[in-house]
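S.K.: Return atomic coordinates for the entry below.
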Amino acid sequence: MENALTILGSSSALPTSQRFSTAQVLQMLGRFFLIDCGEGTQIQLRRCSIPFTRIQAIFISHLHGDHYLGIFGVLSSFNLLGRRTPLTIYAPKGFENIVNFQLKYLVTELSFKVTFIELTQNGMSCIYSDKKIDVYSISLDHRLPTWGFYFKEKAKDYKISKKIIEKYSLSIAQIVLIKKGEDLVLANGEVIPNSLLTIFPESPKSYAYISDTLFKPQIAEYIKDVTLLYHESTFSHEMLKRAKETFHSTAKQAAEFANFANAEKLLLGHFSARYKTTVDLEKEAKEIFSNTVAVNDLDIYSF
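M.R.: Coordinates of the predicted model:
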């Protein structure tokens, strides 16, 4: 199944008539993750026909309202729709209290279990892992504790053809080892190199979400060779002074970061409401990193 990122909201603190506050849905190997949850997220989910019940986890980057105020409507709608599937929310310390306080007045009791996982580690830390995907939190530099998120497929097994299996009469145990990269040792001691037995698997795909932050090029090492990179670009570079004052980044800095990370593709977002169009922001970034797109709400990016 193809991976896809859906942009639900791409504005910064102030939503506009064209852009909702920050929210995204990442579909990766059959999993659905909601990343940040600004106002109106449930409306955008409806517009994109994303099944509410498929969202298994929510990741909140920080506790500025434009990144989480939509959570109350989302949880309430989940409840009204009779959701039973448990939900995990990864968020900064204090978010559980914020949510529970509001829910006390919105509903008597949720129809599903919610588990809160606090984001507390500095640097890079694995916060979620299953058979196919790892998710890491990455400490950013904003006006209050803030994290980015890195979603990465686990290394895939080597592929082996039916022809090879039949040629060497391979057992299930041998097939498993060969798919993991082992050579084949025949009964007479002859060694058949793995390279002659298998097809090298596709490189694992990855997505990095770099939320509100001052330009922090050193963390690019954490996401080296990322397939798809989203980096906030609240301002154009001519407003660098303002960006520093508000602990944000410029489009030019986002492009420089993409170069440091050796990303395949860069998405710009979290635009200041002062920009009626993002043409100049995209142009600014493309001068440094050509494969750049300034996102729009409801855009879908496959990777």
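S.K.: Would you map the strands across the stretch 101-250 of the chain?
M.R.: Remark: strands assigned in the stretch 101-250 of the chain by DSSP state E, counting those that start in this stretch are 114-119, 124-129, 133-139, 147-153, 159-160, 184-185, 191-192, 198-199, 206-210, 228-232.
S.K.: secondary structure element for Thr6?
M.R.: Thr6 is part of strand 4-9, with elements assigned from DSSP states H and E.
S.K.: Packing partners of the following helix or strand past that strand?
M.R.: Next in sequence after strand 4-9, counting helices and strands by DSSP H and E, comes strand 23-28. The contact analysis (3 or more C-beta pairs under 8 Å, 6 or more residues apart in numbering; DSSP states H and E) places strand 23-28 against strand 4-9, strand 31-37, helix 41-47, strand 147-153, strand 206-210. The way it works is simple: take the backbone N, C-alpha and C, and place the C-beta from them, glycine included.
S.K.: Deepest in the core, which of these is it.
M.R.: Among the helices and strands packed on strand 23-28, strand 206-210 has the highest mean neighbour count (mean count of other C-beta atoms under 10 Å), at a mean of 27.
S.K.: neighbouring strands for that one, and are they parallel or not?
M.R.: strand 147-153 (antiparallel), strand 228-232 (parallel) (DSSP bridges).
S.K.: Quick one: the ones you listed as a markdown table, columns for distance to Val25 and mean pLDDT too.
M.R.: Shown next, in a markdown table, are the strands paired with strand 206-210 (distance: least, C-beta to C-beta, whole Å; pLDDT from 0 to 100):
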| stretch | distance to Val25 | mean pLDDT |
| --- | --- | --- |
| strand 147-153 | 12 | 98 |
| strand 228-232 | 12 | 98 |
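S.K.: I'd like to know which of those is closest to Leu8.
M.R.: strand 228-232 (12.4 Å; C-beta to C-beta).
S.K.: Asn194 versus the residue lying farthest from the centre of the chain, what's the distance?
M.R.: In the chain, the residue that sits farthest from the middle, by C-alpha atoms, centre = their mean, is Asn188; the gap is 49.6 Å. For Asn188, the distance to Asn194 (C-beta to C-beta, to the nearest Å) stands at 18 Å.
S.K.: What of Ser203?
M.R.: Computed as C-beta to C-beta, the Ser203 to Asn194 distance reads 17 Å.
S.K.: These two: which is more packed in?
M.R.: Neighbours per residue (other C-beta atoms under 10 Å) separate Ser203 from Asn194, with Asn194 holding more: 18 against 11.
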